[in-house]
Structure formats: C-alpha cells, structure tokens
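Participant: make a model of this:
(chains A and B, ligands or ions: 4)
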Amino acid sequence: MSELDKSELDEVNSDADTALPDPLEMPEMVPDAMKDLHSFEAAPKHQTDLGFPGELVDDWQDVAIAKIGDLRQKYRSFRVYLDSCVKCGACTDKCHYYLGTGDPKNMPVARQDLLRSVYRRYYTIPGKIAPWLVGARDLTEDVLNEWYNYYHQCSQCRRCSVYCPYGIDTAEISMAAREIMDSVGKGQKYCNEIIAKVHSIGNNLGMPAKAIKATMVDFEEELEEETGINIKLPVDKKGADVLLVTPSADFFAEPHIDGLFGYAKVFHELGIDWTLSTTASEAGNFGMFIGSYDNMRKVSLRIREAALELGVKRIIFGECGHAWRVGYAFLNTLAGPWDFLDPKYPVPQHICEFTFDAINDGKLKFDKTKNDHMTLTFHDSCNVARATRMGDKPGGQFEIPRAVIKAVCNNYHDMDEDTIKEGTVCCGGGGGILTDDLMDIRVKGAQPRMRALRKVTEEHGVTNLAAICAICKSQFAKVLPKYDFDMEAIQSVHQLVSNAIIMSDAPKEEEAPAPEAPATNGDEPSASSETG
Amino acid sequence: MLTTIYALAFYFATILLVVGIAYRIYEYAKVPAPLNIATTPAPTTVSGVWYRMFREVALFESLFKANKWIWIFGYLFHVGLLLVLIRHIRYFVDPRYVPDLIWLGITYIQPIGKYAGFAMVFGLAGLAIRRIVVNRVRYISSPSDHLMLLLLILIGVSGFMMQYVDRTDIVSVKNFFLSLAYLNMFDWQPLPDSLPLMVHLTLVLTLMIIFPYSKLLHAPGIFFSPTRNQVDNPREKRRLAPWAKALESGSDKK
Ligand code: HEM
Ligand code: SF4
Ligand code: SF4
Ligand code: SF4
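Facilitator: Residues are numbered from 1 along each chain as shown, chains lettered A, B, ... in the order given. Ligands and ions are numbered 1, 2, ... in the order given. Here you go, the predicted model:
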C-alpha cells in the first residue's frame, strides 16, 4: 500500500471514529480554557477549625509574601525548586490535566510559574530590578484567583517530577500554594471541611463511632449470608494484634466495601486477631493535600493514639493511595517512633504486602475461576507508584499488587507501558479535587487513563479495572460512564481476592459459594460526602 | 586602561561567582527537608542514591525519559561546555604548578576541545530554535530564557572568531590571566587589542555575574533536590526537621 493510500485510509478511519487515539496524544493548545473553574471556597467555620483565618485578611498580600518567605526556610524542596527550573519544557506534556484540557497553565512548569513569578518579584534581585525580564509579577487579586483555580487543578500526582531533569515536583509547589492561600483565609471547602471532620469525629465521612459499629454488624451479617461463616469485623477490640487503618470510604462506597470484605476474609482465614478503631477510622490524610504539616501531623497522631489505646502489635493500612503515601513515607516522622509495636513488621504495612506474604507462604487458597467472567487490568495509583514502596525492593509497589491480582484471576493484561508504573497517569480525581464542583476538570483529566483503558479493552478484551486507592475508585465510578464504560468496571484489588478466596471453614454441603454480584448502589449519598 | 578595567572586572566577577554560589549552597544546605519525598522507585541505600545522582548529572537520565530532542541538544551543549571549560584551564594556570599527568590530560583535550565548541553551539542553537518553534516551550519562556541562550551562543561564536577569523595572540591573553592569578597587583600584563576578545570576555563576565541569581542555579540545585537525593527508607528512619521537632514537645502527643 502506498503512503498516500495509507494516509487516506487513516483519514477514513478517523472519520469513522474507529482509530484509537494514543492515550498521551498532545492536545491543541487552548489558552485560558479552564481559567474560570473555581471550586467552592471554605466557609469561615471550616477555616477556623483548622487554625486558619476565617476569611481573606485585610493585609493578605503582606501575609502571603511573608508566608512564601517562611516556607522557603522550612522546605528545601520549595526553595530549590523555585530557583532551579531552567524552562527546558520536558514536563510540559506530562500532566494529564494539560493533555485533557490543552490549557497551558496546566503544564507543570506553567503551574509552578504562577507562584514562581511572585517569588521572583519579592525574593530575587533580578525580579526586583527587572520583573519584565525574568517573568516576575506583583501579587494582585487576579493572581490570587489564578492560584486558587489552577492549584486546584493539580492532583499532586507527581508525574511531572519523574520526567523533570532535576526532579522538580509540582505537587510540592501546589501544596505550598494551598498553604499560602489557607494562611490568608482563602481555603477550599472540600478539603478543609473534611479535615475538620477528621479532627472532631475521626474520619472524612464524619461517621460517628456508633454508626461505624452498627455498619460492621450489618457487614458481618452480609458476609455470613454470602459465605455461611461468621466472619468478624471487630471494632475497638482491646488487645488485638493488628490495627487496620482504612479509608472510611471502605465503610460505605462501592466498590470499596467489597475490598473491606476481602481484607476481613483474609484475616479470618489466617486466624489474625485484628480490629478497626473508631479513633483512627480514616487512613486518608487530607492534611497533605493542603500542604499543612500541622494538620497532617494531628490527623496522624490519631493513629498513634489508637494503637496505644488498643495495645496492638502492628498496623496495617487498607487500600488508599494518598493514605499510603502519608503512611509509608511520613507516618514514622509525624507520629513515630513506633518502638512499642512488634519490631518484626514494618510500620505500617500495606494490606497488599500482607496478603502477598500469605500467598507466598502458601497459606491462602483460591478458586481463580470465580473471577473468570472478567479480564483485569491494573491502575497504578500515582501516590503508591511514585511516592512509596511495597516490600523491600524498589518497584515492589508495582509487582506486589499485580502478583496478588494474578494469584486470584486468570485473565490479566497491562495497559500501555508509558501509562503505568512510574509513568502512570492519574485517575483525575486525586489531591483534594474529588468534588462535584470540579467535575469538569475531573472528567477531562481522566482522558489519558480512559484512552489507555479503551485500548486494552479493544485490543485485549479487558473488561475491568482494578485499583488500590479509595479516591481512584470513587473517581472512576463517576467518570467511567462519561467515557462509555460501565460504572462497575472498577474493582478493588481485595474484592477480587474476596471473590476467589476459599475459606477453609466454609460449610461443606455448598460447593464454595458463588460471589455476590456487586451491589448496584454505587452512587455516593451526596457530592460532599465523597471522601476518598 | 582597557587592561585595568578587565582586570578589575574579572576580580569582581570571580568573587561574586564564588561567593554567590557558595552562599546559595549554604542556603540550600541549611533549609531542612522535613519529609521523605523521594520519587519512587528510589534507591534504598546511600550508595544507590549516589549512583542515581551520577546518572542524572552525567547522563540526564530523567530528561532522556522525558524528551529525546531536548536531551540530544541539551546533552551536546553541556558536554561541549564541559570540554571547552577543561580546554580553557590551559589559559589560567602555569604548567610548572600542575602535576605532569593532569597537564598531559589537558593537552590531550585540546584538539577535542575544538570540536566540543561546535557541539556546544550546535546544541544551544537547537535549544534556541525549540524555544521559539515549539509553542509549549515558547509559552513558558521569559525574555531572560531566550537571552541566556543568546548569551551562550555569542560566547561560543566570539570564541570561534578569535580562532578562525581574527586570530588573537593567545600567549598574551594567557599572560594577562596568569598575572591576575598571581595577584600581581597593578602590574597586570596587557591584554592584546582584539575586538572578538573584548566581546568574548565581556560576555563571559556577564555570565559569571548572573550565575548566582539566575536559573543557572540548576547546577548546584540538582544535588539538593529531595526527590532525587533521598534514600527510600522512611519506615526505618525518622527525619525530624528542627522546626518539626519543636512541635514534638507539645502536649498533644502520647
Ligand atoms: C552539574 C552541572 C549541570 C547539570 C547536571 C546540568 C543539567 C542541565 C539540564 C538537564 C538541562 C535541561 C536540558 C537543556 O535544556 O539542556 C540544563 C539546561 C541548561 N543549562 Fe545546565 N547543567 C549543569 C551545568 C550548567 C552550567 C555550568 C551552565 C552554565 C552556562 C549551564 C547552562 C544551562 C542553560 C543555559 C540551560 C537552559 C537551556 C535552555 O534554555 O533550553 N548548565 N542543564
Ligand atoms: S522539566 Fe523541570 S526544569 Fe524543565 S521546565 Fe519542567 S520543571 Fe522546569
Ligand atoms: S503533580 Fe500531577 S497534576 Fe500536578 S502538575 Fe504535576 S502532573 Fe499535573
Ligand atoms: S486518586 Fe489515585 S490516581 Fe488520582 S492522584 Fe490519587 S492515587 Fe493518583
């Protein structure tokens, strides 16, 4: 076939909409496409609950500029990254929000520049003498609004930091920007309301202790109906060996709950004495999203408190991406040392590490055919992929969840190599933007992931997408339908485990019971209660 | 007269460059990195981090993953620059005070150094064209970004002029710099009269002066980048910044 024929054919194909777009295809640049997307600002109460001014303070410019000065003395990342960028452009096509919107301010370096331009104006000699020369500008009300809008179009996924020659991490800048905005009284409702709920009640959802206990009783009944055995979901059990800290979404959202059932079955089968805690009823830590060390620390200390109170020996984290980042990378610093726990186990451990070890020790048996109605692929949650590890080898965070999936499923296929593992593209809803008022950017930001999924669906018959992040799961449940997938295509990894696990004390007469069809009420009760 | 001006200017620029960079390094080292933010998969040992840093500095590994064009041009430019700088050592030192083996090395690099100059300018030209032609890169560029490339290109071009067009008496230039180096106060050897030389030296002075205040800080900066220089061991090792330690004494922690 000649070149011409081929290109003609391509045209026909694309006309007929059969050619699959490359997941990372470059968009047409559309300046200011997303400039007006403004998520709800925090009410005064949400602000003051976290120790921030209730509303925009009068001398906000001075306060913000002083805060920049403060942060550059506290965080080496902030300081070095503001100075070091050479504007090489290597990161410009790496952000899923740029790929999905074409808005140049969603290019990582341009997102950094929103703040760097102000930093240069007030803290560097060239910016003071010749602002026009080095792209420095005054901090005005417009600039503040621009910060608010574009720093809430960043999921802090760190994909850009993988490709930057100096590892410049835009997430660090956007966390700092949010902290600066909080400090002048311009916080975001979604994040700050949720953090206040954790401080006062213990979880993102605002679910009181009584409700958690009642829910677990319901779940135990459900599990008994399904399996014929009495699988416990203990709450606040003193003297248990293991404290499970899991996102509160695991208590109410789909497919999260099925993941929780998976953990419970694994613990039951292994005879582990475990418990949930109503004090630490949330693994997620939105303090990270707003860059607030204080809030992040306060939330983390609840886990320490619960561990001491219940006298547990080890701590295991459930499936949640940013929770695992705080758990794996920060918890020791924020709430350690953990010298009162059993030194044989890392603190904390990820549920996938735990299940993986049990599988390797031959302690779990599976009927993989129970998952035969699906062909799976795995979405590497960015926080897990690029900010943490599992097991003791670098890259364990990629291998271990896949090994667990492959131990319980016969059909598995990875998505495009440059959209997984360290190059994984975000679900589009992370970093404190999983709220309905930001739905526009959530849907557009999901485009690269959805295209990669479309490709494996068409080319390899993939039917379902597994994930280990509460936010990813909620986000996918919302955006999958917008890209013509089934909302229920998203699965928890431990849901797959739950389907296939053979419980040794299950009643004999039944041939291992069939897995329940996933519950169909995947819709969350209301927008503001999506809690990741 | 001209000699005096250049002599004083070089003292000034050298002090500014050395003190400026030293001060930046001091600042970067002083600011704590309160949390482990290594971009994973990251090395789990200190030697692993050295190896990672070596790959970033010597091979531009992350840039290679990101964009092959920028990598090719950027790499040609930097390697060219490095070789050219090594070649220039000859002009500032007296062989009597240099160990034979090192001097031999510097002598050997001379012919390669010539081609390195071309590689450098070629790389720079590629980067400059990209900066204008690729709309994403143009969008993020300030005037200073274009001018920085222009400055470096002109340094290279004026250097070629001295070699190939208006041949400069390089022995006198060397004597001038040696007299500066030995601090022969006010007894500086005269610089030869040569327009390309004046241009070349003026541009180099400019580069030296702006270094500590500009994005050229990426050179020391990369060694301080927490995402690249941290060991992936947060479950084993706490890292409390001094200001974070102060929080520990509060009563909120059991
Ligand atoms: C530790 C030493 C250094 C390392 C690892 C390093 C690395 C890099 C990398 C990876 C880039 C981005 C790619 C590119 O555009 O070339 C870059 C850009 C640049 N570097 Fe360096 N560099 C070093 C030293 C220097 C020095 C001493 C200079 C002094 C002239 C310099 C001047 C530049 C300039 C001007 C750019 C921007 C190029 C552009 O506008 O696209 N670098 N450097
Ligand atoms: S890749 Fe890094 S240095 Fe290059 S433009 Fe982006 S942030 Fe700046
Ligand atoms: S951290 Fe992620 S969302 Fe934010 S700028 Fe970088 S790539 Fe985009
Ligand atoms: S929600 Fe999931 S995919 Fe999105 S940023 Fe978080 S971990 Fe990444």
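
Participant: only C-alpha atoms for contact and neighbour calcs from this point on.
Facilitator: Will do.

Participant: next up, the contacts around B:R167.
Facilitator: B:M161 (CA atoms under 8 Å, 6 or more residues apart in numbering or on different chains).

Participant: one more: B:P43?
Facilitator: A:P394, B:V49, B:R52, B:V231, B:D232 are the contacts of B:P43 under CA under 8 Å, 6+ apart.

Participant: next one: A:T246
Facilitator: So A:T246 contacts A:S281, A:E282, A:A283, A:G284, A:F317, A:G318, A:E319, A:C320 (CA under 8 Å, 6+ apart).

Participant: got phi/psi on the fifth one?
Facilitator: Backbone torsions for A:F317, taken as degrees, to the nearest 10, come to phi -100, psi 140.

Participant: bridged to it, which residues?
Facilitator: Beta-bridge partners recorded for A:F317 (DSSP bridges): A:V245, A:H350.

Participant: that one - how many residues pack around it?
Facilitator: 25 (other CA atoms under 10 Å in any protein chain shown).

Participant: I'd assumed A:V326 was in contact with it.
Facilitator: No. Using CA atoms under 8 Å, A:F317 is not in contact with A:V326, being 10.6 Å away.

Participant: do you know the pLDDT at whichever residue of the stretch 151-254 of chain B sits closest to ligand 3?
Facilitator: Proximity of the stretch 151-254 of chain B to ligand 3 (CA to the nearest ligand atom) peaks at B:T227, 12.8 Å away. We have a pLDDT of 98 for B:T227.

Participant: what do you get for A:P513?
Facilitator: pLDDT, A:P513: 50.

Participant: same thing with B:A181?
Facilitator: So, for B:A181, pLDDT stands at 84.

Participant: OK, contacts around it?
Facilitator: So B:A181 contacts B:F92, B:V93 (CA under 8 Å, 6+ apart).

Participant: I'd like the distance between it and ligand 1.
Facilitator: 21 Å (CA to the nearest ligand atom, to the nearest Å).

Participant: now do stretch B:119-127: everything it contacts.
Facilitator: B:70, B:72-81, B:149, B:152-153, B:156-157.

Participant: which one of the residues you listed sits closest to B:V165?
Facilitator: B:V157 (10.6 Å; CA to CA).

Participant: what about B:I102, how many residues close to it?
Facilitator: 11.

Participant: try the one 4 residues further on
Facilitator: For B:I106, the tally of surrounding residues (other CA under 10 Å) stands at 17.

Participant: isn't it up against B:R87?
Facilitator: Yes. Between B:I106 and B:R87 there is a contact under CA under 8 Å: 6.3 Å.

Participant: from the contacts of stretch B:119-127, which land in helices?
Facilitator: Among the contacts of stretch B:119-127, DSSP state H puts B:70, B:72-81, B:149, B:152-153, B:156-157 in helices.

Participant: got the contact list for A:Y148?
Facilitator: Neighbour list for A:Y148: A:H38, A:R178, A:M181 [criterion: CA under 8 Å, 6+ apart].

Participant: ok, the strand or helix carrying the last one near ligand 2 or not?
Facilitator: Taking DSSP states H and E as the criterion, A:M181 maps to helix A:170-184. No. Judged by CA under 6 Å from any ligand atom, helix A:170-184 stays clear of ligand 2, getting no closer than 7.5 Å.

Participant: if we can go back for a sec, can you tell me which of the contacts of A:Y148 is closest to B:H218?
Facilitator: Using CA to CA, those come closest to B:H218 at A:R178, 25.1 Å.

Participant: would you mind measuring from A:E224 to A:L205?
Facilitator: To A:L205, A:E224 is 26 Å away according to CA to CA, to the nearest Å.

Participant: looking at these two, which has the bigger crowd around it?
Facilitator: Comparing A:E224 with A:L205 by neighbour count (other CA under 10 Å), the higher total belongs to A:L205, at 23 against 14.
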